[in-house]
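Novice: make a model of this:
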Amino acid sequence: MSSDEEVREVEETNEVLFPEDRKINKIKNKEVRSRLFVKLKRQKRKAKIAEKKKRKEEGTNKPSKPTKTIESTREEDDTAFDKLDEEGNLEVRKDLENSEYAPYFARQYEPKVLITFSDNPAKKTMLFGRELQRIIPNALCRLRKRIPVKNIVESCNREGYTDILIINENMKQMNGLMVIHLPEGPTANFRLSSVRISKELRRKYQEISAHRPEVILNNFSTRLGNSVASMLAALFHYDPEFQGRRAVTFHNQRDYIFFRHHRYEFKKGEKGQKVGLRELGPRFTLKLRWVQSGVFDGKTAEYDWIISGRRHDLETSRRRFFL
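Specialist: Numbering: from 1, shown residues only. Presented below is the predicted three-dimensional model:
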């Protein structure tokens with residue numbers, strides 16, 4: 001049978017085709033194989049829709065199975081909150097009561113944040129720092145001017161700052177964010193990636209109001225994750241101004257922390273008032289590298305947690321996460 005006759009026979013057939021019946025893979029003509037596969041896929045899709053419709057009419061439509069992802073099949077962590085017993089929950093409460101951030105959550109002080117950079121920052125890095133200054137209440141953005149981190153810490157302690165953000169870059173590309181909590185730590189270093197400022201998102205810089213934003217921390221489910229979430233939350237004022245309708249979100253997924261900045265918008269529709277989100281920017285992604293118990297010290301520091309440069313040294317599998 002010639003190729004044209006095969007195609008004509010397929011196009012005239014209305015029954016569902018199967019590869020084993022037609023032996024599509026054995027057809028030498030590439031164009032014929034392609035047409036057969038397209039027709040087969042179309043017919044299978046129609047048959048699936050018809051079967052689903054029939055089950056729905058008969059009331060036997062079963063709920064679809066939940067999709068398996070790396071996140072949903074993550075390995076169990078002994079420090080996860082949902083795995084802790086009564087004694088473990090008591091230890092978590094003690095950790096919170098004795099942590100460096102206990103005075104913040106007790107509202108004993110207002111955060112004051114200094115934002116600085118590595119030496120000779122690129123223009124985009126400086127714009128990113130200025131946008132963080134507008135997002136974080138009571139924050140000040142200043143150039144570093146080759147001042148060592150140790151001297152910055154001492155100066156900030158004298159001036160009453162509570163936290164320091166240092167935006168690092170390599171070859172004019174932002175690649176790191178260091179968060180130092182004052183006066184005695186801890187210090188965390190994050191890998192910084194996927195940075196997009198408001199201009200790149202086609203958002204107007206002037207749209208960011210001066211109201212204090214609401215902070216949303218999502219999916220930090222372990223004791224280490226709780227510490228990191230507390231560090232990020234302590235950068236912002238504990239009393240948000242909800243009339244500004246601004247919200248900043250730190251969403252943890254597979255140990256990647258995604259940052260988004262939105263404003264609530266209310267619109268009147270035919271069925272009533274609708275609520276939407278308008279992204280203001282910037283957006284970026286963080287991944288924890290290490291946590292030091294005190295302020296930054298590159299020589300004699302003690303690490304509470306550190307991830308090795310080699311994946312298999314610490315990460316036993318792709319389904320093990322720490323936050």
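
Novice: can you tell me which residues contact residue 283?
Specialist: 194, 195, 196, 201, 258, 259, 260, 261 (Cβ atoms under 8 Å, 6 or more residues apart in numbering). Any C-beta I mention is one placed from the backbone N, CA and C, and that applies to glycine too.

Novice: run through the neighbouring helices and strands of the helix or strand where residue 36 lies.
Specialist: Taking DSSP states H and E as the definition, one finds residue 36 inside helix 30-58. Here helix 30-58 is seen to pack against helix 3-12, helix 19-22 when contacts are counted using 3 or more Cβ pairs under 8 Å, 6 or more residues apart in numbering; DSSP states H and E.

Novice: below-threshold pLDDT in the stretch 51-200 of the chain: ranges please.
Specialist: Within the stretch 51-200 of the chain, the set of residues satisfying pLDDT under 70 comprises 60-92.

Novice: for this protein, what spans make up the strands?
Specialist: Residue ranges of the strands in the chain, as given by DSSP state E, are 113-117, 139-141, 163-170, 173-181, 187-196, 214-218, 246-253, 256-269, 272-279, 283-292, 303-306.

Novice: tell me which of those is the most buried.
Specialist: Compared across the strands of the chain, strand 113-117 shows the largest average neighbour count, a mean of 22 (mean count of other Cβ atoms under 10 Å).

Novice: that one: partners in the sheet, and parallel or antiparallel?
Specialist: Each strand that strand 113-117 pairs with, and the sense of that pairing, follows from DSSP bridges: strand 139-141 (parallel), strand 163-170 (parallel).

Novice: out of the ones you listed, nearest to residue 320?
Specialist: Set against residue 320 and scored by Cβ to Cβ, these come closest in strand 163-170, at 27.1 Å.

Novice: what's the angle between that closest one and strand 173-181?
Specialist: Using axes from the mean of the first three to the mean of the last three Cα atoms, to 10 degrees, the interaxial angle of strand 163-170 with respect to strand 173-181 works out to 160 degrees.

Novice: centroid-nearest residue for this structure?
Specialist: Within the chain, one residue has its C-alpha closest to the average C-alpha position: by Cα atoms, centre = their mean, that is residue 258, at 1.9 Å.

Novice: is the nearest residue to it once chain neighbours are set aside in a bridge, and if so with what?
Specialist: If you skip the residues right next to it in sequence, residue 258 has residue 251 as its closest partner in space, 4.7 Å away by Cβ to Cβ, 6 or more residues apart in numbering. Listed beta-bridge partners, residue 251: residue 218, residue 258 (assigned using DSSP bridges).

Novice: tell me who's in contact with residue 251.
Specialist: Residue 251 is in contact with 216, 218, 219, 257, 258, 260, counting by Cβ under 8 Å, 6+ apart.

Novice: circling back: distance to residue 186 added to the strands paired with strand 113-117, as CSV?
Specialist: Shown next, in CSV, are these (distance: least, Cβ to Cβ, whole Å):
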stretch, distance to residue 186
strand 139-141, 20
strand 163-170, 11
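
Novice: among those strands, which comes closest to residue 119?
Specialist: Scanning the strands paired with strand 113-117 with Cβ to Cβ as the criterion, the closest one proves to be strand 163-170, at 9.5 Å.

Novice: find the nearest non-adjacent residue to residue 215, please.
Specialist: The nearest residue in space to residue 215 (Cβ to Cβ, 6+ apart) is residue 236, at 4.9 Å.

Novice: what's that neighbour in contact with, if anything?
Specialist: By Cβ under 8 Å, 6+ apart, the residues touching residue 236 are 111, 136, 137, 212, 213, 215, 248.

Novice: swap the cut-off to 7 Å and go again
Specialist: When the contact criterion is Cβ atoms under 7 Å, 6 or more residues apart in numbering, the partners of residue 236 are 111, 136, 137, 213, 215.

Novice: hang on, the earlier thing: which one of the contacts of residue 283 is nearest residue 298?
Specialist: Nearest to residue 298 among these, with distances taken as Cβ to Cβ, is residue 195, at 24.4 Å.

Novice: I figured the closest one was touching residue 174, is that so?
Specialist: Yes: with contacts defined as Cβ atoms under 7 Å, residue 195 counts as touching residue 174 at a distance of 5.2 Å.

Novice: how many neighbours does residue 45 have?
Specialist: Here the count is done by other Cβ atoms under 10 Å, and residue 45 has 10 residues near it.

Novice: what do residue 195 and residue 174 both touch?
Specialist: Overlap of the contact sets of residue 195 and residue 174 (by Cβ under 7 Å, 6+ apart) consists of residue 128.

Novice: just to revisit the earlier point, can you select the buried ones from the contacts of residue 236 in ChimeraX?
Specialist: In ChimeraX, a selection of the buried entries from the contacts of residue 236 looks like this (16 or more other Cβ atoms under 10 Å):
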select :111,136,137,213,215
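
Novice: quick one, what contacts the closest residue to residue 111 other than its chain neighbours?
Specialist: Nearest in space to residue 111, with sequence neighbours left out and distances taken as Cβ to Cβ, 6+ apart, is residue 162 at 5.0 Å. The contact partners of residue 162, by Cβ under 7 Å, 6+ apart, come to 109, 111, 112, 113, 182.
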